[in-house]
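# Sharing a sequence plus its predicted fold:
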Amino acid sequence: MVSPEPALAGDLSAAPTVVVTGAAGWLGKNLVRALAGDRERVRCLVQSADEATLLEIVSPSIETVVGDVRDPAVIDRLFEGTPAPTVFHCAGVIHPAKSTREFFDVNVGGTELVLDRARRAGARRFVHVSSNSPFGANPTPTDRFDEDSPYNPYMGYGQSKVEAEEVVQRDGARGDLETVILRPPWFYGPFQPDRQTQFLQALRRGRFPMVGDGTQQRSMVFTGNLVHGLLRAEVAPKAAGRAYWIADAEPYELRTVFETVRDALEAEGFSVTRRQPRIPAAFGALAARADGLAQGTGRYIQALHVLGELRDTIACDIGRARAELGYDPQTDLLEGMRVSIRWCVERGERL
């Protein structure tokens with residue numbers, strides 16, 4: 001749970017009504033719980049009746065609409081009776097179940113639909129959750145992306161998020177809807193999906209591979225820090241029409257990430273092996289090539305995609321977010337991973 005944001009001098013007022021897409025996703029569940037404490041209405045788009053039930057019991061302020069972000073009739077229902085809301089557009093496909101076409105149907109087409117309906121509802125601000133993937137990998141471990149870095153999309157997901165950002169930017173430039181783009185990297189925290197739990201399990205047992213020497217760096221973001229960034233993007237006056245990287249205070253070397261996860265597991269009472277299998281960086285490059293070939297035929301193989309990315313530095317500078325949003329990430333990797341582990345334990349998940 002994230003506490004209500006403290007007001008800063010010059011802040012816009014937070015909207016009493018908010019609309020959240022992707023509300024039952026990893027980020028969405030964290031965001032909705034933060035919003036439920038101080039908003040009159042939190043209208044949520046979810047994909048199933050079961051997801052709706054689990055959200056509605058959190059707070060009487062939460063209302064749900066069940067359906068697909070690609071369905072115009074569903075999006076119409078989502079915005080019914082929501083005068084001048086803030087829109088947090090978190091819906092998106094990262095790992096498609098069937099084909100790479102889903103990237104574009106959901107990440108681009110869905111964004112277009114939500115933007116159009118937000119404008120017609122008189123939305124006060126549209127906060128769009130993007131990704132690091134439109135920018136690919138840093139050329140060196142010491143390089144950092146900033147908001148002036150050029151697009152260099154990584155695979156189908158990256159291209160779809162570039163196109164989604166361009167749609168948001170064009171709509172914002174029209175002048176009748178304030179838009180803000182946030183670019184989070186790999187995130188971690190409560191309500192994590194199975195793939196993140198499997199990552200923790202594999203690291204605990206010494207089964208998750210290190211590609212290369214581990215000096216490649218990664219920006220990561222605890223979900224609580226990311227929610228803080230989202231809430232700041234809603235009210236910061238300078239944010240309209242801007243894009244921001246949102247991450248933990250500093251990037252981490254990949255070998256530090258792995259060791260910190262093991263430290264967090266031990267701190268929460270788990271036995272851990274420090275054995276670390278290693279794979280040459282060239283093998284990661286082969287995985288990336290195979291991933292590209294597969295995606296070229298419309299196929300998506302998650303294990304190939306993850307392995308191919310592990311060789312890269314993907315790191316950003318959050319200076320603009322600090323200066324213009326008042327973004328101040330308080331949780332570091334060790335603390336955030338301990339929170340994640342406790343969340344798993346409380347739900348009986350096996351680590």
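Cool, the structure landed.

# excluding its backbone neighbours, what's nearest residue 317?
Nearest residue to residue 317 in three dimensions, chain neighbours excluded: residue 144, at 4.3 Å (CB to CB, 6 or more residues apart in numbering). Glycine gets a C-beta too; all of them are placed from N, C-alpha and C.

# I figured that neighbour hits residue 318, correct?
No - Residue 144 lies out of contact with residue 318 (CB atoms under 8 Å); the separation is 9.3 Å.

# Would you verify that residue 77 is located in a helix?
Yes - Residue 77: assigned to a helix according to DSSP: H, G, I helix; E, B strand; the rest coil.

# circling back: give the burial count for the residue nearest to residue 317, as a bare number.
Applying other CB atoms under 10 Å, we find 18 residues neighbouring residue 144.

# now swap in the one 5 residues further on and tell me
Summarising burial for residue 149: neighbours were counted as other CB under 10 Å, giving 17.

# Now do the contacts for the residue nearest to it when sequence neighbours are not counted.
Closest residue in space to residue 149, ignoring its immediate chain neighbours: residue 135 at 5.5 Å, by CB to CB, 6+ apart. Counting by CB atoms under 8 Å, 6 or more residues apart in numbering, residue 135 touches 145, 149, 150, 151, 152, 153, 154, 158, 183.

# what do you get for residue 224?
With the criterion set at CB under 8 Å, 6+ apart, residue 224 makes contact with 2, 30, 189, 330, 331, 336, 339.

# Now, of these, which are buried?
2, 30, 189, 331, 336, 339 (16 or more other CB atoms under 10 Å).

# The second one and residue 189 touch, don't they?
It stands for residue 30. Yes - applying CB under 8 Å, one finds residue 30 in contact with residue 189, separated by 6.4 Å.

# Mind listing the shared neighbours of these two?
223, 224, 226.

# And the first one, how close does it get to residue 171?
This means residue 223. 27 Å (CB to CB, to the nearest Å).

# out of those two, which sits in the busier spot?
Set residue 223 next to residue 171 and count neighbours by other CB under 10 Å: residue 223 wins out with 25 against 21.

# Who are the contact partners of the residue lying closest to the more buried one once chain neighbours are set aside?
Spatial nearest neighbour of residue 223, excluding adjacent residues (CB to CB, 6+ apart): residue 189 at 3.0 Å. By CB under 8 Å, 6+ apart, the contact list for residue 189 reads 26, 30, 222, 223, 224, 226, 336, 339, 340, 343.
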